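Asker: Give the three-dimensional model of this entry:
(one chain, ligands or ions: 1)
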Amino acid sequence: MLVALYVVDFLAATPSTVKAAEAPGGARLTLQTVASYGHSPHPDWVSYLVKDGGGKWHHTTVFQVPAHSLVHVTIYQYDTATGLRNPFWSQVRGTVGGTMAVDGRTMNALNPDLASHTFAIPDMGISVPLKGVADDAKNQCSVAPCPLSMAHTTITFTFRTGKKGKYRWQCFVPCAASFIFGNGGPMQSPGWMDGYLVVV
Ligand SMILES: [Cu+2]
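Answerer: Predicted coordinates for the structure are as follows:
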């Protein structure tokens, strides 16, 4: 029964598309991850959100960016670490310079135990592990969108888009608490832990 529900959910969910803000040479994509969305239909589901060019946060995972351009990504990470079962995903891949910056510090990999989520676009060879906030951090956020005054880590990186197309992206950390092996629910639902990069 649960499986059937997920399938229906998957087909019915058509998250809206948010266009990344324009930036010199391309676009600026600003995201946040939250431990719990805090609203219906799934207040306890882990999720991504995206900010539009006007500064408003949207609960969707379909992002539009220009082709053959640089995309400057900033991810505010409000969730605690779950850890990666497969250390493959702890490496930074496919970004400009093969690096990310974590709270301003340049890195090319993350201790797998510290990962909360990943931002990966497999068909573009891109994968970035996202460092979680400490389990005992004060001021943890549980209702999206989370403000910068709450505990978070900031991850920045840049990647280059190629030709136009619709590319699937997803998180590879088994971050779905209370689901079997952490891989159900939000991990299988566009709008939460996976979505599309629409390159136009
Ligand atoms: Cu995740």
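
Asker: Near the ion, which residues of this structure? Just list them.
Answerer: Applying Cβ under 5 Å from the ion, one finds that the chain approaches the ion through 117, 171, 173, 175, 193. Just so you know, the C-beta spots here come from the backbone N, C-alpha and C atoms, and that holds for glycine as well.

Asker: can you put these in TSV and add neighbour count and pLDDT?
Answerer: TSV is the format used below for these (neighbours: other Cβ atoms under 10 Å; pLDDT from 0 to 100):
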residue	neighbour count	pLDDT
H117	28	95
C171	27	93
V173	29	88
C175	31	86
M193	26	94
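
Asker: Just the ones of these in helices?
Answerer: Applying DSSP state H to these, no entry is found in helices.

Asker: Which two of these have the greatest separation?
Answerer: Across those, the longest distance by Cβ to Cβ is 8.5 Å; it joins V173 and M193.

Asker: any shared contact partners between the two?
Answerer: H117 (Cβ atoms under 8 Å, 6 or more residues apart in numbering).

Asker: Tell me where the chain has helices.
Answerer: Under DSSP H, the chain gives helices at 2-12.

Asker: where are the low-confidence patches of it?
Answerer: 1-13 (pLDDT under 70).

Asker: please redo it, this time with the cut-off set to 50
Answerer: Within the chain, the stretches with pLDDT under 50 are 1, 4-5, 7-9, 11.

Asker: which residues touch M150?
Answerer: Counting by Cβ under 8 Å, 6+ apart, M150 has contacts 78, 139-141.

Asker: Would you list the buried entries among these?
Answerer: Among these, the ones that count as buried by 16 or more other Cβ atoms under 10 Å are 78, 140-141.

Asker: Isn't V73 up against T156?
Answerer: Yes: under the criterion of Cβ atoms under 8 Å, V73 is in contact with T156, at a separation of 6.6 Å.

Asker: neighbour-wise, which of these two wins?
Answerer: Set side by side, V73 and T156 show more neighbours around V73, with 22 against 18, by other Cβ atoms under 10 Å.

Asker: Next, the buried residues of stretch 68-75.
Answerer: 69-73, 75.

Asker: now do stretch 173-190
Answerer: Neighbour-count burial for stretch 173-190 [16+ other Cβ under 10 Å]: 173-176, 179, 182, 184-190.

Asker: same question, stretch 150-157
Answerer: 150-153, 155-157.

Asker: Out of those residues, list just those in strands.
Answerer: Secondary structure assignment by DSSP state E places 153, 155-157 of the buried residues of stretch 150-157 in strands.

Asker: In TSV: these, plus distance to G125.
Answerer: Converted to TSV, those look like this (distance: Cβ to Cβ, whole Å):
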residue	distance to G125
T153	24
I155	18
T156	19
F157	13
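
Asker: Nearest to the ion, out of those residues: which one, please.
Answerer: Nearest to the ion out of these is I155 (Cβ to the ion; 13.2 Å).
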